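Enquirer: just coords:
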């Protein structure tokens, strides 16, 4: 079965520092990869997605992620974070041919002044 | 972009009563919707796939009689938590994937915080 591993449950950083949130997935077949952000007591908002093509994907709010097939990773990065980026971030995958979106356990990003 | 609306956002009910949560796709037709449950500080767990005009498909370990799903139209799916108990307290989120996005991008409702007292 498909699985997604987010290696860090919590990531504290200072404002304007760079950040990387790590994500690894298990499937060796074609996959679609996503990063979602969740603010307290709200639904999920799509940050970015990888379907095919360029392995470097740019999303909203200055985030980007790189698909690395050999390492089965899809790490999320931002060069300079803001206080408003404090939220929970979820990596998710759809395996080709499947309808199901499988989520990682999430990473709580806390940006401190 | 596509919008999925979920109602209510919060509900408190007494133990033993039933609660209905609605999920609507506002600007697209959704033949399939998904219901998730999220425990505090944990990930989203898929509960069931709601199929318009047919029975829902439940994930292993999810009680069909406890969590009733009805997908009577192309824009509305409902989740009813029957005979709710405190352990059913959780955050419930629905999602749908618009056909215009090639069925690859999921849009999520705002979530429903259910508290059973």
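Expert: Received, thanks. Small disclaimer: the values here were computed from a predicted structure and weren't measured. Residues are numbered from 1 along each chain as shown, chains lettered A, B, ... in the order given.

Enquirer: who touches the residue in chain A positioned nearest to chain B in this structure?
Expert: Chain B sits closest to residue A:43 of chain A, with a gap of 3.8 Å, by CB to the nearest CB. For every residue, glycine as well, the C-beta is placed using N, CA and C. Residue A:43 is in contact with B:4, B:6, B:93, B:108, B:109, B:110, B:111, counting by CB atoms under 8 Å, 6 or more residues apart in numbering or on different chains.

Enquirer: cross the residues you listed against strands and list the overlap.
Expert: B:4, B:6, B:93, B:108 (DSSP state E).

Enquirer: mind checking how far whichever residue of chain B sits closest to chain A is from residue B:63?
Expert: Here chain B gets closest to chain A at one residue, residue B:108, 3.8 Å apart by CB to the nearest CB. Per CB to CB, to the nearest Å, residue B:108 is found 23 Å from residue B:63.

Enquirer: more neighbours: which of these two?
Expert: Ranked by neighbour count (other CB atoms under 10 Å in any protein chain shown), residue B:108 and residue B:63 place residue B:108 first, with 23 against 10.

Enquirer: surely the more buried one is in contact with residue A:44?
Expert: Yes. Between residue B:108 and residue A:44 there is a contact under CB atoms under 8 Å: 4.3 Å.

Enquirer: give me the common contacts of these two.
Expert: Both residue B:108 and residue A:44 are in contact with A:36, B:93, B:95, where contact means CB under 8 Å, 6+ apart.

Enquirer: got the contact list for the last one?
Expert: When you say that, I think you mean residue B:95. Taking CB under 8 Å, 6+ apart, one finds A:44, A:101, B:4, B:33, B:34, B:36, B:106, B:107, B:108, B:109 in contact with residue B:95.

Enquirer: can I assume it sits in a helix?
Expert: No. Per DSSP: H, G, I helix; E, B strand; the rest coil, residue B:95 lies outside any helix segment and is strand.

Enquirer: give me the contacts around whatever helix or strand residue A:90 lives in.
Expert: For residue A:90, the host element (DSSP states H and E) is strand A:87-95. Strand A:87-95 is contacted by residues A:2, A:4, A:6, A:21, A:23, A:25, A:27, A:29-40, A:44, A:47, A:74, A:76, A:100-104, A:106-109, B:43-44, B:104 when judged by CB under 8 Å, 6+ apart.

Enquirer: quick one: mean pLDDT for that strand?
Expert: The predicted model gives strand A:87-95 an average pLDDT of 91.

Enquirer: please apply the same query to stretch A:58-67.
Expert: Mean per-residue pLDDT for stretch A:58-67: 95.

Enquirer: same question for stretch B:86-102.
Expert: Across stretch B:86-102, the average pLDDT comes to 86.

Enquirer: buried set for it?
Expert: Buried residues in stretch B:86-102, counted by 16 or more other CB atoms under 10 Å in any protein chain shown: B:88, B:89, B:90, B:91, B:92, B:93, B:94, B:95, B:96, B:97, B:98, B:101.

Enquirer: same thing with stretch B:60-75?
Expert: Of all the residues in stretch B:60-75, those buried under the rule 16+ other CB under 10 Å are B:62, B:67, B:68, B:69, B:71, B:75.

Enquirer: and the fifth one, what does it touch?
Expert: Contacts of residue B:71 were listed using CB under 8 Å, 6+ apart, and they are B:33, B:50, B:51, B:52, B:53, B:54, B:56, B:77, B:78.

Enquirer: who wins for neighbours among those?
Expert: Ranked by the number of neighbours (other CB under 10 Å), the contacts of residue B:71 place residue B:77 first, at 31 neighbours.
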